[in-house]
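Asker: here's my sequence, what's the structure:
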Amino acid sequence: MTGTLLSAALMMGGITAAHADPITPPAAPETPAIAGTPAAMTLSEDPRIKAWQDLRFGLFIHWGVYSTFGGYYKGERQWLGYPEQIKAWGISRNNMGIPDEDYLKAASEMTIPQFSAQQWCQRAKDAGMKYLLVTSKHHDGFAMWNTGTTNYDFYEKAPGKRDPMKELADACNGMGIKLAFYFSIIDWTKQTPEPYQNRNTLDEEMMALIHDQLKELLSGKYGEVPELWFDMGGPTAEQSAQMAQWVREFSPNTLVNSRVWNSKGDFEVGGDNHLTTKKTLAPWESIRSTFPKCWGYCTWPEVQEIRNRPEGVAEQTQHEVENLFTTVANGGQYLLNIGPRGTGEFDPFEVKILEGIQAWNARHPNVIHGAVPTYYPTQRWGHTVINGDAVYLGITSWPEDKTIRLPGAGTNVTAVTVDDATAASPQNLTYSVDNNDLLITLPDTPPDPQCPSSRSPPREPPSTPPTTRPTSSRAP
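Answerer: Residues are numbered from 1 along each chain as shown. Sure thing, here's the model as predicted:
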């Protein structure tokens, strides 16, 4: 690690940063210098994948006609699945689906008075996100853009003849945020929903529809799309390869996620709310919803209880910051999901979480963007990243003895400080070197007031009936 600056970032609960100035070596050493091992891990050298990896942090948004129901139909809670799947699962096992006329009535009343594409994109940008991924079409088959493939779309069925995807593309692209699309492979206007799996096979008609809709979304009208996020369905290996090829044909720089299935995607996404906990050099992305049982907007009691708890925002913010840093430290992308209301408004609880992440990023501007994982092994106290010539140590578990050790990091360290770009002056920490291990004495309490690691992680809502989205590790 010769000539490397060290920062012991104890921010998030905190990751703070330690700053180390390099020691100038003698001009003519009496003994040969020992070459150090580079601390920084190299991610993909493929330009397409590297451009995507540089985005690092994004906002996932589930929003459609289902958002107007909030997980309830005619006053009764749906009996199965996520709230964005309410069209199929309705309120009882005997009367599974919401009738088309009721669903279209909800669409016809979806005036979206609080929808502001500019505000959505600005909130993502302010939180330090570089891309926004939105549901262009979920399993209900309802297209949220002005499509020529069907009249079952927002432009035709909702008031005002609006194309929310175009509004988002114009707003996000205008402020330097990339707009990406979620796209469900299944379509309940063409296929019969089947509980627990939603892995319908694809006939020629469905493949033709997918082709035409992908061409509309990826041919330039909505700007340069960094990723196309497929979901569900049970395609054959040939169909998976065909869908991935269509994406690359229409938009060569657009990456395809692993839920195109059959190992035909460009990157792995794993299961819902799954966080990879080991360093992984192959491209991957973790997706997590603010409320793991709800990707679209819902008002279930267990979710409302979290929204209403005085400590709920602080706990959730700490949790998401820790997830973000851990994901980046392990080499992945972090995609945080929220579910706006049917009116187009972000729920105030989720707005506060985004503002909390924004404040954290303001204190620690070099820890997510531009940073890469290190070769240092993961420690019980947390993870490390490197940005330029500074290493940041994320203390996610505050040790009782207030001492942490980073093996192999003791070379050329001259200072260790708490990382806080908003502080008037850096807070120096005491450190020592033990057989080339860096030992740092921490403050008595975590220095980051917003996200102290002494807080317990937020409580998850109780289990609901099985969700209907498989993990990408399962081949259809």
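
Asker: from here on, contacts and neighbour counts on C-alpha atoms
Answerer: Will do.

Asker: which of the three states applies to I404?
Answerer: strand (DSSP: H, G, I helix; E, B strand; the rest coil).

Asker: report how many residues lie close to it.
Answerer: The tally of other residues near I404 (other Cα atoms under 10 Å) stands at 21.

Asker: that one contacts D434, doesn't it?
Answerer: No. With contact defined as Cα atoms under 8 Å, I404 does not reach D434; the gap is 11.9 Å.

Asker: ok so Q119 is a strand residue?
Answerer: No. Checked against three-state DSSP, Q119 lies outside a strand; its state is helix.

Asker: count the neighbours of it for me.
Answerer: 16.

Asker: now do T317
Answerer: T317 is flanked by 25 other residues according to other Cα under 10 Å.

Asker: from L80, how far off is it?
Answerer: According to Cα to Cα, to the nearest Å, T317 and L80 sit 28 Å apart.

Asker: and the strands in the stretch 251-400 of the chain, which stretches?
Answerer: Using DSSP state E, counting those that start in this stretch, the strands of the stretch 251-400 of the chain run over 255-256, 285-289, 333-338, 372-373, 382-387, 390-395.

Asker: can you redo these as JSON lines with mean neighbour count, distance to H138 and mean pLDDT?
Answerer: Shown next, in JSON lines, are the strands of the stretch 251-400 of the chain (neighbours: other Cα atoms under 10 Å; distance: least, Cα to Cα, whole Å; pLDDT from 0 to 100):
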{"stretch": "strand 255-256", "mean neighbour count": "22", "distance to H138": "17", "mean pLDDT": "98"}
{"stretch": "strand 285-289", "mean neighbour count": "22", "distance to H138": "16", "mean pLDDT": "97"}
{"stretch": "strand 333-338", "mean neighbour count": "25", "distance to H138": "15", "mean pLDDT": "98"}
{"stretch": "strand 372-373", "mean neighbour count": "26", "distance to H138": "33", "mean pLDDT": "95"}
{"stretch": "strand 382-387", "mean neighbour count": "26", "distance to H138": "36", "mean pLDDT": "93"}
{"stretch": "strand 390-395", "mean neighbour count": "28", "distance to H138": "37", "mean pLDDT": "91"}
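
Asker: name the element C172 belongs to?
Answerer: Assessed by DSSP states H and E, C172 sits inside helix 164-174.

Asker: tell me how far I357 lies from D140.
Answerer: Taking Cα to Cα, one finds I357 at 32 Å from D140.

Asker: turn the strands of the stretch 251-400 of the chain into JSON lines, columns for distance to R307.
Answerer: Shown next, in JSON lines, are the strands of the stretch 251-400 of the chain (distance: least, Cα to Cα, whole Å):
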{"stretch": "strand 255-256", "distance to R307": "34"}
{"stretch": "strand 285-289", "distance to R307": "14"}
{"stretch": "strand 333-338", "distance to R307": "13"}
{"stretch": "strand 372-373", "distance to R307": "34"}
{"stretch": "strand 382-387", "distance to R307": "28"}
{"stretch": "strand 390-395", "distance to R307": "27"}
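
Asker: related to what we said a few turns ago, tell me which strands and helices the helix holding C172 is in contact with?
Answerer: Packing partners of helix 164-174 (3 or more Cα pairs under 8 Å, 6 or more residues apart in numbering; DSSP states H and E): helix 117-126, strand 178-184.

Asker: if we go to 6 Å?
Answerer: helix 117-126 (3 or more Cα pairs under 6 Å, 6 or more residues apart in numbering; DSSP states H and E).

Asker: pLDDT on the helix it packs on, on average?
Answerer: Helix 117-126 shows a mean pLDDT of 98.

Asker: who's in contact with the next helix or strand after it?
Answerer: Note on helix 117-126: by DSSP H and E, the next helix or strand toward the C-terminus is strand 131-137. Residues from elsewhere that reach strand 131-137 (Cα atoms under 6 Å, 6 or more residues apart in numbering): 58-62, 143-144, 177-184.

Asker: tell me the mean pLDDT for strand 131-137?
Answerer: Strand 131-137 comes out at a mean pLDDT of 98.

Asker: quick one: that strand to helix 117-126, angle?
Answerer: With axes from the mean of the first three to the mean of the last three Cα atoms, to 10 degrees applied, the angle from strand 131-137 to helix 117-126 works out at 140 degrees.

Asker: between strand 178-184 and strand 131-137, find me the angle.
Answerer: Here the directions of strand 131-137 and strand 178-184 differ by 30 degrees (the same axes, to 10 degrees).

Asker: would you pull up how far strand 131-137 lies from the middle of the chain?
Answerer: 12 Å (Cα atoms, centre = their mean, to the nearest Å).

Asker: ditto for stretch 80-90
Answerer: The chain centre lies 23 Å from the centre of stretch 80-90; the measure is Cα atoms, centre = their mean.

Asker: now the end-to-end length of it.
Answerer: For stretch 80-90, the end-to-end distance is 8 Å (Cα to Cα).

Asker: averaged pLDDT, it. What do you get?
Answerer: Looking at stretch 80-90 alone, the average pLDDT works out to 95.

Asker: taking their axis directions, the longest helix anywhere in the chain and strand 285-289 sit at what angle?
Answerer: Longest helix in the chain, counting residues (DSSP state H): helix 312-329. Note on geometry: by the same axes, to 10 degrees, helix 312-329 and strand 285-289 are set 170 degrees apart in direction.

Asker: helices or strands up against helix 312-329?
Answerer: Short answer (3+ Cα pairs under 6 Å, 6+ apart): helix 312-329 packs on no helix or strand.

Asker: how far out from the middle of the chain is it?
Answerer: Relative to its parent chain, helix 312-329 has a centroid offset of 11 Å by Cα atoms, centre = their mean.

Asker: now the angle from that helix to strand 382-387?
Answerer: Helix 312-329 and strand 382-387 are oriented at 60 degrees to each other (the same axes, to 10 degrees).
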